[in-house]
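# No sequence on hand, only this structure:
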Ligand SMILES: [Zn+2]
Ligand SMILES: [Zn+2]
């Protein structure tokens, strides 16, 4: 199968997962060998689209252990990262554009033409 064919296959799965809002599964799929191959495909267009609802950024969003005033970890969990409306049309994940998360995510799959 051609890379573009394989990529279309992976992105169809991504779109399916996006319907179910399984951001975690999308990330896992795109970071697998199959997913990286699809992201490396130069025929796949990654365009910034504006989603109606803000979502956590797929790159900088993390659950972290909260710390108390003395800097000791507590049992509380908190989050870092922002909620943004910018989403990739192909990856179906949200990324901050201004903070560089968009670039970071797509950089590892970049081709010489970028
Ligand atoms: Zn971000
Ligand atoms: Zn993308």
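Now that the structure is in, tell me what you want to look at. The structure presented is a predicted model; accordingly, all values stated were derived computationally and were not measured. Ligands and ions are numbered 1, 2, ... in the order given.

# Would you mind listing what in this structure touches ligand 1?
Proximity of the chain to ligand 1 (CB under 5 Å from the ion) is limited to residues 57, 59, 60, 96, 99, 101. The way it works is simple: take the backbone N, C-alpha and C, and place the C-beta from them, glycine included.

# where do the helices sit along this protein?
3-19, 23-30, 33-40, 101-107 (DSSP state H).

# and those helices as TSV, adding distance to residue 85?
Below are the helices of the chain laid out as TSV (distance: least, CB to CB, whole Å):
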stretch	distance to residue 85
helix 3-19	15
helix 23-30	15
helix 33-40	22
helix 101-107	13
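
# For residue 66, which non-adjacent residue is closest in space?
In this structure, residue 66 finds its nearest non-sequential neighbour in residue 76, 3.9 Å apart by CB to CB, 6 or more residues apart in numbering.

# Next up, phi/psi of the residue nearest to residue 61 when sequence neighbours are not counted, please.
Nearest non-adjacent residue to residue 61, counting by CB to CB, 6+ apart: residue 81, 3.6 Å away. With angles defined as degrees, to the nearest 10, residue 81 sits at phi 100, psi 170.
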